[in-house]
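Trainee: test case, fold it:
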Amino acid sequence: MYKRILVATDGSKLSNMAVEHAIGLADITGAEVVALKVVPRYPQTYFEGGVALAAAEVARIEKQWNDEAMEAVNAVKAAGQKREVKVKPITVKSDLIAEAIIAAAKRNKVDLIVMASHGRKGIKRLLLGSETQQVLTHSHIPVLVLR
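Mentor: Numbers count the residues shown, from 1 in each chain. Prediction:
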């Protein structure tokens, strides 16, 4: 059925549930898991005329974010090893999270994308949007959403 499953994680409790389901599904179907964490780019300036951070400080923050991302995907790899499921941990740097998820899914030739819905409602959803909704809308690959 599935040969390769991409699971998008941000290390949150809800995304960890998606990880558990992806690994369980991979275990049942004999699929490989691609664990993905999208790391945002550090904004160089917040507004015109603002004080920009020194390049060294920006580099330190980006390194911290990359280290945290690697920790999140390596945790998925460790969870997969417990169930003898092969997990490929990857991180991608992008401000467009949904597009990065879809691009990674295509690049890694996955059969299914598994991700959590963070369940924002009302004005928060309107203002913040939903990365999950964007993936559902624009992906040609099946998406399993967990709430």
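Trainee: assign Tyr42 to helix, strand or coil.
Mentor: coil (DSSP: H, G, I helix; E, B strand; the rest coil).
Trainee: wait, what's in contact with it?
Mentor: Counting by Cβ atoms under 8 Å, 6 or more residues apart in numbering, Tyr42 touches 58, 61-62, 65. For glycine as for every other residue, the C-beta is placed from the backbone atoms N, C-alpha and C.
Trainee: show the buried residues in these.
Mentor: Trp65 (16 or more other Cβ atoms under 10 Å).
Trainee: any idea which of the contacts of Tyr42 is closest to Val92?
Mentor: Nearest to Val92 among the contacts of Tyr42 is Trp65, at 12.1 Å by Cβ to Cβ.
Trainee: what helix or strand does the closest one sit in?
Mentor: Assigned by DSSP states H and E, Trp65 falls within helix 55-82.
Trainee: that helix packs against which elements?
Mentor: helix 13-29, strand 32-39, strand 87-93 (3 or more Cβ pairs under 8 Å, 6 or more residues apart in numbering; DSSP states H and E).
Trainee: repeat that with 10 Å
Mentor: The contact analysis (3 or more Cβ pairs under 10 Å, 6 or more residues apart in numbering; DSSP states H and E) places helix 55-82 against strand 4-8, helix 13-29, strand 32-39, strand 87-93.
Trainee: right, I'll leave it there.
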